[in-house]
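Trainee: Predicted model and sequence follow; I will ask about them next.
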Amino acid sequence: MTNQNKPENFAWYIPSVYGDIKLERLTDSSTRVNLVGVSPTEKEAVKALFKHALKPSIMAKPWATQDELASIDLASLKEQRFVLSAPLSKVQGFLQKTLKPHRKQVSAVRFTNGRLEEVSEALLQQIDAPPEATTVDNVVPIKREEPAAAAPPPPPPKPERAVTVAQPVQGCPAPDFDDAEVRATRVLKAFLMPEQIEDFARRQQFIAIGGATGHRYLLTSRHSRHALAHVSMRCLYDMDEKHAFCVHDWEVPAAEELLGLLVHISVPHLEVYARRIPDREGVLA
């Protein structure tokens, strides 16, 4: 029998502007890159990735060949895929440095139990490591009369997917976005629990728990003007303290802004950061 330590196709989302770059772990040394209608900034980042992938190093072979990348058309709006012979963390690390160079970025992992945790070196090693497998062949167990064993404990939560987002900043008013919101919403839902997805679909709101304080936060899309006007007045609202925080990210679609806020309130020290961003008058929350 075989026991796998984690999902084989671990996905890492890099929503630079449109939420349309996704990395999938195929093996410990290969990564599939998914592109959909990349923006001008993302095109330059992917071009740099191509150049890096084709260049051999002293200790390693190139990540890809010219023929393997020749079919990728960065002007196309269709979904395109290509595979690189490199660990997921190395591909993600290169793209993270290239995209949003003027913004501080945070990477977080969602576990199978819904917990969010900031990416650490230990987590990167766990993500990149090959699945552990134990195989037992031709073993006939000895039948013995034994008391019924206690139910095994539930398996520990495993890393399920990751995302890299920019830290939110104070800013008003919101700009307009086109249908890229659809793709950004798809990425957001990948990091929500079923009940949060249901709430978001019905009200453009969902509740999340602070990683440091344990407070309940109501996250509201800036597209839900009615909810903002009658409930929280802000996208981030502490339901226990009855306090709204003026923290936003107007550079990205509303769904991606919510994902960034979710990551920051779910990871303990990032929640502290989000709560201490000065409001419009420069007063700490």
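Mentor: Okay, I see it.
Trainee: Rounded mean pLDDT for stretch 201-216, please.
Mentor: Mean per-residue pLDDT for stretch 201-216: 93.
Trainee: buried residues in that stretch?
Mentor: Gln204, Gln205, Phe206, Ala208, Gly210, Gly211, Ala212, Thr213, His215 (16 or more other C-beta atoms under 10 Å). Using the backbone N, CA and C atoms, a C-beta is placed for each residue, glycine as well.
Trainee: Pick the one among the residues you listed closest to Val163.
Mentor: Set against Val163, the nearest of the buried residues of stretch 201-216 by C-beta to C-beta is Ala208 (14.4 Å).
Trainee: Pretty sure the closest one sits in a strand.
Mentor: Yes - looking at Ala208 with DSSP: H, G, I helix; E, B strand; the rest coil, it is inside a strand.
Trainee: got the contact list for the helix or strand hosting Trp12?
Mentor: Here Trp12 sits within strand 11-13, counting by DSSP states H and E. Residues outside strand 11-13 that contact it (C-beta atoms under 8 Å, 6 or more residues apart in numbering): 19, 21-25, 88, 92, 161-164, 187, 190.
Trainee: Select from these every entry located in strands.
Mentor: Of the contacts of strand 11-13, the ones assigned to strands by DSSP state E are Ile21, Lys22, Leu23, Glu24, Arg25, Arg161, Ala162, Val163, Thr164.
Trainee: Local confidence estimate at the closest residue to Leu74 other than its chain neighbours?
Mentor: Counting by C-beta to C-beta, 6 or more residues apart in numbering, Lys43 is the residue found nearest to Leu74 once chain neighbours are left out, at 4.8 Å. Note on Lys43: pLDDT of 87.
Trainee: So, low pLDDT: which residues of this protein?
Mentor: Residue ranges of the chain with pLDDT under 70: 1-8, 15-19, 130-149, 170-179, 226-227, 229-233, 278-285.
Trainee: Secondary structure element holding the residue lying closest to Val91 once chain neighbours are set aside?
Mentor: In space, and not counting its chain neighbours, Val91 is closest to Thr31: 4.7 Å by C-beta to C-beta, 6+ apart. Using DSSP H and E, the element containing Thr31 is strand 30-36.
Trainee: now Phe82
Mentor: Per DSSP H and E, Phe82 falls inside strand 79-84.
Trainee: So which residues of the stretch 51-200 of the chain form strands?
Mentor: Taking DSSP state E, counting those that start in this stretch, the strands of the stretch 51-200 of the chain run over residues 79-84, 105-111, 116-118, 159-166.
Trainee: Minimum distance to Gln66: which of the ones you listed has it?
Mentor: strand 79-84 (11.9 Å).
Trainee: how big is the angle separating that closest one from strand 30-36?
Mentor: Here strand 79-84 runs at an angle of 160 degrees relative to strand 30-36 (axes from the mean of the first three to the mean of the last three C-alpha atoms, to 10 degrees).
Trainee: neighbouring contacts of strand 79-84?
Mentor: By C-beta under 8 Å, 6+ apart, strand 79-84 touches 26, 30-36, 53, 63-64, 68-69, 71-73, 91.
Trainee: Buried ones among those?
Mentor: 26, 30-33, 35-36, 53, 63-64, 68-69, 91.
Trainee: Now distance to Ser221 too, for the residues you listed, in a markdown table please.
Mentor: Listed next are the buried ones among the contacts of strand 79-84 as a markdown table, based on distance: C-beta to C-beta, whole Å:
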| residue | distance to Ser221 |
| --- | --- |
| Leu26 | 34 |
| Ser30 | 36 |
| Thr31 | 31 |
| Arg32 | 30 |
| Val33 | 29 |
| Leu35 | 26 |
| Val36 | 22 |
| Ala53 | 37 |
| Trp63 | 38 |
| Ala64 | 38 |
| Glu68 | 39 |
| Leu69 | 37 |
| Val91 | 31 |
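Trainee: quick one: which of those is nearest Arg225?
Mentor: When the buried ones among the contacts of strand 79-84 are compared against Arg225 (criterion: C-beta to C-beta), the nearest one is Val36, at 28.6 Å.
Trainee: Any idea what the closest one is bridged to?
Mentor: Glu79 (DSSP bridges).
Trainee: distance between stretch 267-278 and the chain's centre?
Mentor: Averaging C-alpha positions (C-alpha atoms, centre = their mean, to the nearest Å) puts stretch 267-278 18 Å from its chain's average.
Trainee: Going by neighbour count, list what's buried in it.
Mentor: In stretch 267-278, counting by 16+ other C-beta under 10 Å, buried: Val267, Leu270, Glu271, Tyr273, Ala274, Arg275, Ile277.
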